[in-house]
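A.B. asks: give me the fold of what follows.
(2 chains)
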There are 2 protein chains.
Amino acid sequence: MAAIEISIGNYIVRRLEEQGIGSMFGVPGSYLANFLDNVESSTIKWVGECNELNAAYATDGYARFRGGLGVLATTVGVGELSAINGIAGSYAEELPVLHIVGQQPSKDQEEGLNVIHTLGDGKHFLLSKKEIGLGVVDARIDQVIVDCISKSRPAYIALPCDLVDVKITTTRLHDPLKKEEIKINPDAENTAIAHIYQRFTDAFSGQLDNNVVVIADVSISRHHCKQEVADFLAVTDLPVYGTPLGKTVVDETSVRYGGVYVGSLSDAEVKKKVESAKLVLLIGPLTTDFNSGKFSYNIKDEVSIKLHFDHTEVGFATYGRTGMKELLPKLGARLKDFKEKASQLTVPKFELKKVTDSDKLITHDWLWWRLGAWFKEKDLIITEAGSVSYGVIDLPLPTGSSLLAQKLWASIGWSMGATHGAMLARGEIEGANATKTILFIGDGSLQMTVQEISGLIRSGIAPIIFVVTNGGYTIERLQHNVEGEYHNIVTWNYTELLKVLTSTSSSTETETYKVTKEEELGKLLDVEKIREKNCLQLVEIMVGRDDAPPALRRALGIPDPAKDTSGHEGTIIPGRRFFKAPLGVIGW
Amino acid sequence: MAAIEISIGNYIVRRLEEQGIGSMFGVPGSYLANFLDNVESSTIKWVGECNELNAAYATDGYARFRGGLGVLATTVGVGELSAINGIAGSYAEELPVLHIVGQQPSKDQEEGLNVIHTLGDGKHFLLSKKEIGLGVVDARIDQVIVDCISKSRPAYIALPCDLVDVKITTTRLHDPLKKEEIKINPDAENTAIAHIYQRFTDAFSGQLDNNVVVIADVSISRHHCKQEVADFLAVTDLPVYGTPLGKTVVDETSVRYGGVYVGSLSDAEVKKKVESAKLVLLIGPLTTDFNSGKFSYNIKDEVSIKLHFDHTEVGFATYGRTGMKELLPKLGARLKDFKEKASQLTVPKFELKKVTDSDKLITHDWLWWRLGAWFKEKDLIITEAGSVSYGVIDLPLPTGSSLLAQKLWASIGWSMGATHGAMLARGEIEGANATKTILFIGDGSLQMTVQEISGLIRSGIAPIIFVVTNGGYTIERLQHNVEGEYHNIVTWNYTELLKVLTSTSSSTETETYKVTKEEELGKLLDVEKIREKNCLQLVEIMVGRDDAPPALRRALGIPDPAKDTSGHEGTIIPGRRFFKAPLGVIGW
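C.D. replies: Residues are numbered from 1 along each chain as shown, chains lettered A, B, ... in the order given. Prediction:
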């Protein structure tokens, strides 16, 4: 009996369907077209983007939300290089993004022809047919996909366009691809648990005063352990603190949640509680400048226990072949002996500051508290890497809410594409049950990737986009030479964007608003109830040129405007004038 | 006496001023800020762009127009990778673009800290302070700039931000940097000239019938030899043909200019003249798919003489250390013996087809001839890499006009930034004498880099932008699966873009138009005289979904609609329906 045959292009698509891919992002190109024929005839939705960087950001958001594979497809050279900054971000933040690159035909590559998208020196980019080896091409494709999902890092499939229609057998398709799990060593695991138990015994041996605290950090969500952590906290009742990157990994409305620890930039009470603890259990920690208050953690190694996805550190001892996902349920069962004592440990209150809506101009000191009270359970909140990412740090975010932000790679412009991808993933997983998705982005970031608005409209999805505008790159301005002209950008007519970046005949409804005063935003939230509208909405919020969220001011060592008696217009720092753009006065 | 000191940042800026840099393009970032202080206090204008890819394209256009150095500055990681596709294009098309990258402080790099814009694995991108070596930093900077301009390829200066203010001596600044010229070997040159003279003698020995033709190609403009070629043609009176990439390198209105040779895609008469010639002198040839009719040149090596910028080929003999810039005046002087005979060789007429304005819908068959008659001497014409780049091939472009296009790397979206950069360079060189700059771009390309419109407005420059819209990626659609949904894009309200991507309070005037019929465009050109308006103008020209310029149809082997008796709406190919976008019917 002859083996059943399938084209290489179709083989790849079948593998992606098997991985649950519902949407694939990218930009077509002549070397990609015949592969896209295979996508068009599959269950996967092709999401054509305006450019490749936006497509890469969307794929990142898709992989980030679903906690699994995302797929990007572009043409060679111009397409793959335009996307590379997005791919680098997915690498830095550990996301399994597969980038399929449609290449010149093998023959053109072998002969080094100066066809389009080459450097004119006869060198081509990636693999030729000979190098790939047709006999093993199916195994190679499988291995790339398995590596991508197992290592949770980007991977490439370079596909000369003449190979797309070449036939191979379907034999390997009988076995679905699976993520390679870490091989746990039960003996190492048991020893680590015993060691931790001993440390807990010691820590709780004296009087009850700040004996043990937990810090829940971002790798929990990267390695899909939110449920294990929630169960662990429920069974132990330990006090828990978050981190800037670790927002929403645990329930921030819990009475056992004490706020965000961020080294020397922490709230004074949080700082004291964490740094005086006899034992600190860090789950999924990641040390970056943003996450650690510029590396100002003051927790000694000898009082630290760190649970990572693939190893465990107890003081100075490292236990390999143990991972938090498998360890946490067993550790919780063992440590419940300490629950009674742990439950008596006090935790600072982490609450929203109550604010009211006046006729004052909007300041960051008011804005985030106001929004914090408006957020709801299970909201998906996305923040751009700029100043808005600092806005949410001080807020207890609602139960079940998720926060997405790209704060290590920190490429501004990311969030618009990421919102697109994350919402499509959310639709595939949650369907009609999905609650609101809310994006915060600054004007400098929006300008980077503005065409992605067209993508959102084309996909017919309905986030609320808050564009915080002040005519410049705020973080950079506040860090160095506040009057430097190079910090300035042009202020666009943001509220007109939705009408322009869509088809005249589009039936997709959109709404836009512009607010400068507290009561104007308050009205949108409470009276006009924008949350309940099922259409794409853009809200422009104008703030002062030098205004910034409290957490950003702390990070930059800028005086707290609440204590600044000279000010009368919110948070404006004395001596700093409003922005005058070369093209006219903007701001307020 | 103590040496006079200067900061490294200021040293670099002084070197760039010395190279005549009037504008520097880029996007700020926290690691770049203190370098930009140096730019702000120099004679160089900082051109802040909306994103780094656009900035790279603008720098490419700046270098391309001025025939010299262009400078881009971005932050590390996110900025440099966002720009890299633009840099690759400058590499492929041989442009001296210097990319200055503001990096993390040396100490952060040495310690491998996970600060923003890193990959989270402790690895940083480029050089640390130790590796640079402060004692030689001035010599290293000089060498990078000299290499960049001498090799006419991109180069990087990676600048850890803590080094910017470090002081070095001004000693080296006393000697201006100079391009390293090719070292000509006079003996090799004389031998090559004698060899060429002998070949001319042989070629002209028989009867006068197509004895010698010249093909003038793109490397002439890349290596700044347009004047030398013009002088050579004047002194020899040889028949000359162009190439697609070599448009405008010689005067296309000359009676000795016979049209464009592009292998099997050439006009029949041109093909015959060139391929039957006894001797073909190719000046500055470059073999790419676009330029050679997909490698279909039919000229034997034994009848070819090729003049390159750094060597000369006569039949099968190669003469190194000779270059066309130096060779051409001497060769012209030697070959003028043949002028009388050469002047008798007949040349096909290369003329504009006359068209009139009717009330018909605009087609590519009408459009380019109509525009060809409207172009004027010294116009700067810029075409995007998409279908519009084929529009101008068949037109004799006016004396002194220049055509810029990126057709090897062929990254769509390039032209908007390139127009910005080229026009700023033009302003610096020609001042008020600069004539009109005219950009042609398709809708798919415009969407890639639309925010660059904001840059054009911010710089206060006034090109005419013709946006040819048909709701998709035309070249790709016509190459493969014309009904593939993935070819489709959303049709924006292009005529509203200029009002949105600018400040409400901007005093920069702009005008926009939308035309679908011949007489509508005719009226804009002749009655409204848009050429004479001194403001940024955008003209949307709607064409049929499957319509394409004649040269593109020839390249793709699509039947000539003039011979298609079934058609009644211009160039629509039978059986191909109009585009129906998912968001409504567009086109006409």
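A.B. asks: chain B contacts on the stretch 251-400 of chain A?
C.D. replies: A:Leu286, A:Thr287, A:Thr288, A:Asp289, A:Phe290, A:Phe295, A:Ala385 (CB under 8 Å from any CB of the partner chain). For every residue, glycine as well, the C-beta is placed using N, CA and C.
A.B. asks: what's the ChimeraX line that selects buried ones from these?
C.D. replies: To isolate the buried ones among these in ChimeraX, judged by 16 or more other CB atoms under 10 Å in any protein chain shown, type:
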select /A:286,288,289,290,295,385
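A.B. asks: identify the farthest-apart pair in the residues of the stretch 251-400 of chain A next to chain B.
C.D. replies: The span of those, defined through CB to CB, is set by A:Phe295 and A:Ala385 at 18.8 Å.
A.B. asks: pLDDT wise, what is the residue nearest to A:Arg222 when sequence neighbours are not counted at?
C.D. replies: Excluding the flanking residues, the one nearest A:Arg222 by CB to CB, 6 or more residues apart in numbering or on different chains is A:Glu94, at 5.3 Å. Turning to A:Glu94, the model gives it a pLDDT of 93.
A.B. asks: what's the burial count for A:Glu94?
C.D. replies: 20 (other CB atoms under 10 Å in any protein chain shown).
A.B. asks: next, the contact list for it, please.
C.D. replies: For A:Glu94, the contacting residues are A:Ser152, A:Arg153, A:Arg222, B:Gly120, by CB atoms under 8 Å, 6 or more residues apart in numbering or on different chains.
A.B. asks: measure the second one to chain B for me?
C.D. replies: Yep, that's A:Arg153 we're talking about. 10 Å (CB to the nearest CB, to the nearest Å).
A.B. asks: settle this for me: that residue is touching A:Pro96, isn't it.
C.D. replies: Yes - at 6.8 Å, A:Arg153 counts as touching A:Pro96 under the criterion of CB atoms under 8 Å.
A.B. asks: which one's more surrounded, these two?
C.D. replies: The neighbour comparison of A:Arg153 against A:Pro96 (other CB under 10 Å) goes to A:Pro96, with 25 against 18.
A.B. asks: the more buried one against A:Leu69, yeah?
C.D. replies: Yes - assessed by CB under 8 Å, A:Pro96 is found in contact with A:Leu69 at 5.1 Å.
A.B. asks: got a pLDDT number for A:Val4?
C.D. replies: Rather than Val, residue A:4 is Ile. 88.
A.B. asks: which residue packs closest to it, ignoring adjacent ones?
C.D. replies: Among residues not flanking A:Ile4 along the chain, A:Thr170 sits closest, at 4.6 Å (CB to CB, 6+ apart).
A.B. asks: contact partners for the one you found?
C.D. replies: A:Ala3, A:Ile4, A:Glu5, A:Ile6, A:Tyr11.
A.B. asks: just A:Pro549 next, same as before
C.D. replies: With contact set as CB under 8 Å, 6+ apart, A:Pro549 has these partners: A:His364, A:Leu367, A:Trp368, A:Ser387, A:Val388, A:Tyr390, A:Gly391, A:Ile393, A:Asp394.
A.B. asks: dump those into TSV; add distance to B:Leu282 and neighbour count as well.
C.D. replies: Below are these laid out as TSV (distance: CB to CB, whole Å; neighbours: other CB atoms under 10 Å in any protein chain shown):
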residue	distance to B:Leu282	neighbour count
A:His364	65	26
A:Leu367	66	23
A:Trp368	67	24
A:Ser387	57	28
A:Val388	58	28
A:Tyr390	61	25
A:Gly391	63	24
A:Ile393	65	26
A:Asp394	69	19
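A.B. asks: among these, which are in helices?
C.D. replies: A:His364, A:Leu367, A:Trp368, A:Val388, A:Tyr390, A:Gly391 (DSSP state H).
A.B. asks: what about the third one, distance to A:Thr43?
C.D. replies: When CB to CB, to the nearest Å is the yardstick, A:Trp368 and A:Thr43 sit 41 Å from each other.
A.B. asks: one step back: may I see the PyMOL selection of the buried members of the contacts of A:Glu94?
C.D. replies: Applying 16+ other CB under 10 Å to the contacts of A:Glu94 leaves a buried subset, and the PyMOL line that selects it is:
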select buried, (chain A and resi 152+153+222) or (chain B and resi 120)
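A.B. asks: looking at the contacts of A:Glu94, spot the one nearest A:Gln104.
C.D. replies: Distances from A:Gln104 to the contacts of A:Glu94, taken by CB to CB, are shortest for A:Arg153, at 26.3 Å.
A.B. asks: could you list which residues are in contact with A:Trp171?
C.D. replies: I think there's a mix-up here, since residue A:171 is Thr and not Trp. With CB under 8 Å, 6+ apart, A:Thr171 has these contacts: A:Ala3, A:Asp138.
A.B. asks: okay, it: pLDDT?
C.D. replies: For A:Thr171, the predicted pLDDT is 94.
A.B. asks: which non-adjacent residue is nearest A:Pro28?
C.D. replies: Here the residue nearest A:Pro28, using CB to CB, 6+ apart, is B:Tyr486, at 4.8 Å.
A.B. asks: my read is that that neighbour contacts A:Gly29, right?
C.D. replies: No - contact criterion CB under 8 Å: B:Tyr486 and A:Gly29 do not qualify, at 10.0 Å.
A.B. asks: and the furthest pair within the ones in helices among the contacts of A:Pro549?
C.D. replies: A:Leu367 and A:Tyr390 (11.6 Å).
A.B. asks: tell me where the stretch 251-400 of chain A has strands.
C.D. replies: Secondary structure of the stretch 251-400 of chain A (DSSP state E, counting those that start in this stretch): strands located at A:257-260, A:279-283, A:304-307, A:311-314, A:317-320, A:380-383.
A.B. asks: tabulate the ones you listed (TSV), appending mean neighbour count, distance to B:Gln451 and mean pLDDT.
C.D. replies: As requested, the strands of the stretch 251-400 of chain A are exported to TSV (neighbours: other CB atoms under 10 Å in any protein chain shown; distance: least, CB to CB, whole Å; pLDDT from 0 to 100):
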stretch	mean neighbour count	distance to B:Gln451	mean pLDDT
strand A:257-260	24	35	97
strand A:279-283	24	41	98
strand A:304-307	24	43	98
strand A:311-314	20	45	98
strand A:317-320	14	48	97
strand A:380-383	24	21	98
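A.B. asks: can you say which of the ones you listed is nearest to A:Arg15?
C.D. replies: strand A:380-383 (28.4 Å).
A.B. asks: need the residues that contact that closest one.
C.D. replies: Contacts of strand A:380-383 (CB under 8 Å, 6+ apart): A:61, A:65, A:248, A:375, A:389, A:391-392, A:397, A:401-405, A:415, A:418-419, A:422-423, A:426, A:434-441, A:463.
A.B. asks: so among those residues, which ones count as buried?
C.D. replies: A:61, A:65, A:248, A:375, A:389, A:391-392, A:397, A:401-405, A:415, A:418-419, A:422-423, A:426, A:434-441, A:463.
A.B. asks: among those, which are located in strands?
C.D. replies: Mapping the buried ones among the contacts of strand A:380-383 onto strands (DSSP state E) picks out A:Ser402, A:Leu403, A:Leu404, A:Ala405, A:Thr437, A:Ile438, A:Leu439, A:Phe440, A:Ile441.
A.B. asks: between those residues, which is nearest chain B?
C.D. replies: Nearest to chain B out of these is A:Ala405 (CB to the nearest CB; 12.0 Å).
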